[in-house]
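Engineer: Below: sequence and its predicted model.
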2 protein chains.
Amino acid sequence: MKTFEREAPADGEKRGRKASKETRRQQLIEATIDSLAKRGYSETTMADVADGAGLSRGIVNFHFESKEKLLVATLQYMADEYSAHWRAALVKAGDDPARQLSALVQADFDRSICNKRKLAAWCAFWGEAKSRPTYQALCGANDEAYQQVFIDLCRRLKEDGGYGFDAFSTALGLSAMLEGLWLRLMMGTENATRESAQHAAAEFLASVFPKHFSREAPRRPIPAVAKTA
Amino acid sequence: MKTFEREAPADGEKRGRKASKETRRQQLIEATIDSLAKRGYSETTMADVADGAGLSRGIVNFHFESKEKLLVATLQYMADEYSAHWRAALVKAGDDPARQLSALVQADFDRSICNKRKLAAWCAFWGEAKSRPTYQALCGANDEAYQQVFIDLCRRLKEDGGYGFDAFSTALGLSAMLEGLWLRLMMGTENATRESAQHAAAEFLASVFPKHFSREAPRRPIPAVAKTA
DNA sequence: CCATATTGAATGAATGTTCAACAAACGAGC
DNA sequence: GCTCGTTTGTTGAACATTCATTCAATATGG
């Protein structure tokens, strides 16, 4: 009468009463993302989060000191996840700049990152970032490195293809477009689906880097440079 | 002892005690935008708004029924202003599609629309839009018409210049880029200024519509089509 | 004087935080 | 294996605060 179905280690972590501190924190962070997506930032309450996690009211203040700390931890969690995701995509893409750029763009629309829930949570934080230096710093820290990668890739492709654009501005425009497409997807308006967003990004690449990306096969960049336009 | 410096009709509207209903509403809406920009959505209170307008606490519930109504009216106000602005820019641009597109892009970065205060307010609403159908509808209603204009212009330029892109995707990409640049400007991070954003947009136009926009003079589109690339 | 705009204190609801009680795991001693 | 005390995680009610809303009193302009 002691061994219930308790202790079902889904993947090495205990889920029952004695979940480790880190596991419980993550569980609460996931519930926070849920609440942000469902109710928005201003209506997300500690009670919502606790209920969403199926735990009692006071639990959050035990694992996180305050609501503010919980939200910061949640943003940190999402920022880390995002950063790890594009960095992994980058190394997996090999050494070819065109393939790398394509991989970064694809990574941005990966389902694990780009879904309504996460996008809504991101947007909730963006909406508060201007008046909260902490949020702004967390968003910006990663963005800076991300932006730098885009600049470098644009620069290399420019050299390789002999394009006339300004690498810095082109990189800024590309990353801004990706964020704008995210925003559109989150809003869920009308005609913006993940497919149409991906297609728009592919069109951009084909227009700006015509020697590296073809329009017929937007998924696959041209591996080598074709000097004869 | 009755005629103070009261009644200083700045531009035909009374500012003193007996400001007209519509004037007072507008005054409170401006104060709301201020508060949204300074404190963010979740920290904007009725007291902040009243204080910002230099009026007493209960005044907002008199002119607007509730906080929710005030915020909806504020969003409506900004949406109307934005819509009027780009429509005016469009008609002023004449009949040439390239000039029209350039005018739309320029309009988006006009100081009267594109300043930290307004951008922050927009972003505050975006952050809540997902969980508030009313906000979503107000943002979307205008966006749809805006988007359609972009699609039409891209289509005409494509026909005129013989480009290979898909007009719909290109329009989506362009408008997304503009919104993304707004987001960057609002965040106020690092290297994003109104000038760099404008430059990035100009680069986009020059890359995608090379026969209509030159890179040397990003401000001025090429009026006529140069069929000889 | 009448209608209307404005005030500011009172009210009640919502919510973040605290904390004393409670339960589960764990280890020591038998 | 069993008990017992300790540590640690968890609960839920109580508390304090913040804030939107209400409204009776007041001021103002016509």
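Structural biologist: Okay, I see it. Because the structure is predicted, anything quoted here is derived from the model rather than measured.
Engineer: okay, now the domains of chain A?
Structural biologist: When chain A is parsed with automatic domain parsing, its domains come out as A:10-65, A:72-229.
Engineer: Columns distance to DNA strand D and mean pLDDT on top of the ones you listed, output as CSV?
Structural biologist: Yep, even glycine has a C-beta here, placed from its N, CA and C like the rest. Formatted as CSV, the domains of chain A follow (distance: least, C-beta to the nearest atom of the strand, whole Å; pLDDT from 0 to 100):
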stretch, distance to DNA strand D, mean pLDDT
domain A:10-65, 2, 87
domain A:72-229, 13, 91
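Engineer: Of all the ones you listed, which one is nearest B:Ser35?
Structural biologist: Proximity to B:Ser35 (C-beta to C-beta) singles out domain A:72-229 among those, at 9.9 Å.
Engineer: any bit of stretch A:121-128 sitting next to DNA strand C?
Structural biologist: No - counting by C-beta under 7 Å from any atom of the strand, DNA strand C is not contacted by stretch A:121-128; separation bottoms out at 13.5 Å.
Engineer: Just the buried positions in that stretch, please.
Structural biologist: By neighbour count on 16 or more other C-beta atoms under 10 Å in any protein chain shown, the buried set for stretch A:121-128 is A:Ala121, A:Trp122, A:Cys123, A:Ala124, A:Phe125, A:Trp126, A:Gly127, A:Glu128.
Engineer: repeat for stretch A:185-197
Structural biologist: A:Leu185, A:Met186, A:Met187, A:Thr189, A:Ala192, A:Ser196, A:Ala197.
Engineer: what do you get for stretch A:50-69?
Structural biologist: A:Ala50, A:Gly52, A:Ala53, A:Leu55, A:Ile59, A:Val60, A:His63, A:Phe64.
Engineer: just to revisit the earlier point, dump the domains of chain A to JSON lines, plus distance to B:Ala145.
Structural biologist: Formatted as JSON lines, those follow (distance: least, C-beta to C-beta, whole Å):
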{"stretch": "domain A:10-65", "distance to B:Ala145": "26"}
{"stretch": "domain A:72-229", "distance to B:Ala145": "11"}
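Engineer: quick one, which of those is nearest to B:Asp110?
Structural biologist: That would be domain A:72-229 among the domains of chain A, by C-beta to C-beta, at 17.8 Å.
Engineer: Might you calculate how far that closest one sits from the centre of the chain?
Structural biologist: 10 Å (C-alpha atoms, centre = their mean, to the nearest Å).
Engineer: mind listing what A:Arg87 touches?
Structural biologist: With contact set as C-beta atoms under 8 Å, 6 or more residues apart in numbering or on different chains, A:Arg87 has no partners.
Engineer: backbone phi and psi for it, please?
Structural biologist: As for A:Arg87, its main-chain torsions (degrees, to the nearest 10) stand at phi -70, psi -40.
Engineer: Can you tell me how far it is from A:Val149?
Structural biologist: Distance of A:Arg87 to A:Val149, given as C-beta to C-beta, to the nearest Å: 9 Å.
Engineer: can you pull out the helices in chain A?
Structural biologist: A:21-39, A:46-53, A:59-63, A:67-92, A:97-108, A:116-129, A:133-161, A:167-187, A:194-208 (DSSP state H).
Engineer: May I see the buried residues of the fourth one?
Structural biologist: Pointing back at helix A:67-92 there. Buried residues in helix A:67-92 (16+ other C-beta under 10 Å): A:70-75, A:77-79, A:82, A:85-87, A:89-90.
Engineer: my guess is A:Ala93 contacts A:Gln106, does it?
Structural biologist: No - in this structure A:Ala93 lies outside contact range of A:Gln106 using C-beta atoms under 8 Å: 9.1 Å.
Engineer: These two: which is more packed in?
Structural biologist: More neighbours surround A:Ala93 than the other of A:Ala93 and A:Gln106, with 19 against 16 (other C-beta atoms under 10 Å in any protein chain shown).
Engineer: List the contacts of the nearest residue to the more buried one once chain neighbours are set aside.
Structural biologist: Closest residue to A:Ala93 apart from its sequence neighbours, by C-beta to C-beta, 6 or more residues apart in numbering or on different chains: A:Ala103 at 3.6 Å. Going by C-beta under 8 Å, 6+ apart, A:Ala103 touches A:Ala89, A:Leu90, A:Lys92, A:Ala93.
Engineer: Now those in JSON lines, please, with extra columns for distance to A:Arg155.
Structural biologist: Listed next are those as JSON lines, based on distance: C-beta to C-beta, whole Å:
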{"residue": "A:Ala89", "distance to A:Arg155": "20"}
{"residue": "A:Leu90", "distance to A:Arg155": "16"}
{"residue": "A:Lys92", "distance to A:Arg155": "22"}
{"residue": "A:Ala93", "distance to A:Arg155": "17"}
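Engineer: of all those, which two lie farthest apart?
Structural biologist: Among the contacts of A:Ala103, A:Leu90 and A:Lys92 lie farthest apart (C-beta to C-beta), at 7.2 Å.
Engineer: Give me the nearest residue to A:Lys130, chain neighbours excluded.
Structural biologist: Setting aside the residues directly before and after it, A:Lys130 is nearest to B:Ala120 in space (C-beta to C-beta, 6+ apart), at 4.5 Å.
Engineer: how near is the one you found to B:Trp182?
Structural biologist: For B:Ala120, the distance to B:Trp182 - C-beta to C-beta - is 10 Å.
Engineer: now swap in A:Thr134 and tell me
Structural biologist: 22 Å.
Engineer: hang on, the earlier thing: single out the most deeply packed of the domains of chain A.
Structural biologist: domain A:72-229 (a mean of 19; mean count of other C-beta atoms under 10 Å in any protein chain shown).
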